[in-house]
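1. Below is the sequence, then the predicted model.
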Amino acid sequence: MALEDRYPQSGTTTRTDVRVDEGLRAYMLGVYNYMAAGVALTGLIAYAMTLVTTTTDPSLAVATLRNGTMLTQTGVALYGSPLKWVIMLAPLAFVFFLSFRVHKMSVGAAQLSFWLFAAVMGLSLSSIFLVYTGQSIVQVFFVTAAAFASLSVWGYTTKRDISGWGSFLFMGVIGIIIAALVNLFLQSSALQFAISAIGVLVFAGLTAYDTQQIKDGYYEIRHDATQVAKGAIMGALSLYLDFINMFTSLLSLFGSRE
């Protein structure tokens, strides 16, 4: 009797493991590609809006901020009217929409929603160019990218089960949201510092946690191509949010203001 006939399960298991590993690598690559493209789109939209909303030509200026930045009519509409609240809260609405509706959406609709979300987030973040210097924004971005990459790689490769972090980190996010809403009225610099410092820790932890959850979740959906495609989008959304929130928290702590 041939060796492969005596031990038929061994070869089958090995081939299956190879296919799963290849599928997981392709899945995670898709997640990171979506996430990186979303961050790039957000950055482009944010910078483009800065060019549209600010001017160095006094004849085109409608208002001047405390740091001397001159706003165009579009700038006043976006940053000096009730429309700013719509832009500020729209990304949160998109997150809830995608979270509750993605499983009922087609893959194409889910992709479109993700790109729209990234674009709206760009509108929401465009104001950072009015507050911080361009150099500090670039420096903090690369610091965030390095930290994110390290944490995500650790979350992917570690053998330690960190699923128990979930409840603690979720409570941290809720606390940050509540404190941020309260500080909209208090305008306390001390509270803002605390929010930013805690935000860095929470979203650093979430980067590793979400990466491990995305990896583990693949094994549950790998037999359904549609669910794999949607899972990649939702995984990208989770990591995108971790990156953006870590970036804004670090920028608040270390960014040089205009």
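-> Great, that's in hand.
2. buried ones in the strand or helix carrying Gln111?
-> If you go by DSSP states H and E, Gln111 is part of helix 107-125. By 16 or more other CB atoms under 10 Å, the buried positions in helix 107-125 come out as 107, 110-111, 113-114, 117-125. Heads up, the C-betas are built off the backbone N, CA and C, glycines and all.
3. Switch those residues over to a markdown table; also include distance to Leu151 and pLDDT.
-> As requested, the buried residues of helix 107-125 are exported to a markdown table (distance: CB to CB, whole Å; pLDDT from 0 to 100):
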| residue | distance to Leu151 | pLDDT |
| --- | --- | --- |
| Val107 | 28 | 92 |
| Ala110 | 26 | 91 |
| Gln111 | 26 | 94 |
| Ser113 | 26 | 92 |
| Phe114 | 22 | 94 |
| Phe117 | 22 | 93 |
| Ala118 | 21 | 96 |
| Ala119 | 26 | 95 |
| Val120 | 26 | 93 |
| Met121 | 21 | 95 |
| Gly122 | 24 | 95 |
| Leu123 | 27 | 93 |
| Ser124 | 24 | 92 |
| Leu125 | 21 | 94 |
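4. Just the closest of these to Gly38, please.
-> Gly38 lies nearest to Ala118 out of the buried residues of helix 107-125, by CB to CB, at 4.0 Å.
5. residue ranges of the helices in the protein, please?
-> Under the criterion DSSP state H, the chain carries helices at the ranges 3-6, 8-53, 73-79, 83-101, 107-125, 128-131, 134-157, 165-186, 189-221, 225-254.
6. got the buried residues for the third one?
-> By neighbour count on 16+ other CB under 10 Å, the buried set for helix 73-79 is 75, 78-79.
7. cool, the fourth one as well?
-> Judged by neighbour count using 16+ other CB under 10 Å, the buried positions of helix 83-101 are 87, 90-91, 94-95, 98.
8. and that helix with helix 225-254, angle?
-> Counting by axes from the mean of the first three to the mean of the last three CA atoms, to 10 degrees, helix 83-101 lies at 150 degrees to helix 225-254.
9. from the middle of its chain, how far away would helix 83-101 be?
-> Distance of helix 83-101 from its chain centroid, counting by CA atoms, centre = their mean, to the nearest Å, is 13 Å.
10. try the fifth one
-> A distance of 11 Å separates the centroid of the chain from that of helix 107-125, by CA atoms, centre = their mean.
11. do the same with the longest one
-> Relative to the chain's own centre, helix 8-53 is displaced by 14 Å; criterion: CA atoms, centre = their mean.
12. Could you tell me the angle between that helix and helix 189-221?
-> 140 degrees.
13. The fifth one too?
-> Angular relation of helix 107-125 and helix 189-221 on a 0 to 180 degree scale: 170 degrees, by the same axes, to 10 degrees.
14. Give me the helices and strands touching helix 107-125, please.
-> Counting contacts by 3 or more CB pairs under 8 Å, 6 or more residues apart in numbering; DSSP states H and E, helix 107-125 is packed against helix 8-53, helix 83-101, helix 225-254.
15. coming back round to it: save the buried residues of helix 73-79 as a markdown table, and put in pLDDT too.
-> Listed next are the buried residues of helix 73-79 as a markdown table, based on pLDDT from 0 to 100:
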| residue | pLDDT |
| --- | --- |
| Gly75 | 87 |
| Leu78 | 84 |
| Tyr79 | 85 |
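16. Make a markdown table from the residues you listed and add distance to Phe243 to it.
-> Below are the buried residues of helix 73-79 laid out as a markdown table (distance: CB to CB, whole Å):
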| residue | distance to Phe243 |
| --- | --- |
| Gly75 | 27 |
| Leu78 | 24 |
| Tyr79 | 24 |
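17. how close does Ile244 sit to Ser238?
-> 11 Å (CB to CB, to the nearest Å).
18. Likewise for Ser113?
-> 14 Å.
19. sorry, back to before: among the helices of the chain, which is nearest Ala63?
-> Each of those has some distance to Ala63 by CB to CB; the shortest is helix 73-79, at 5.2 Å.
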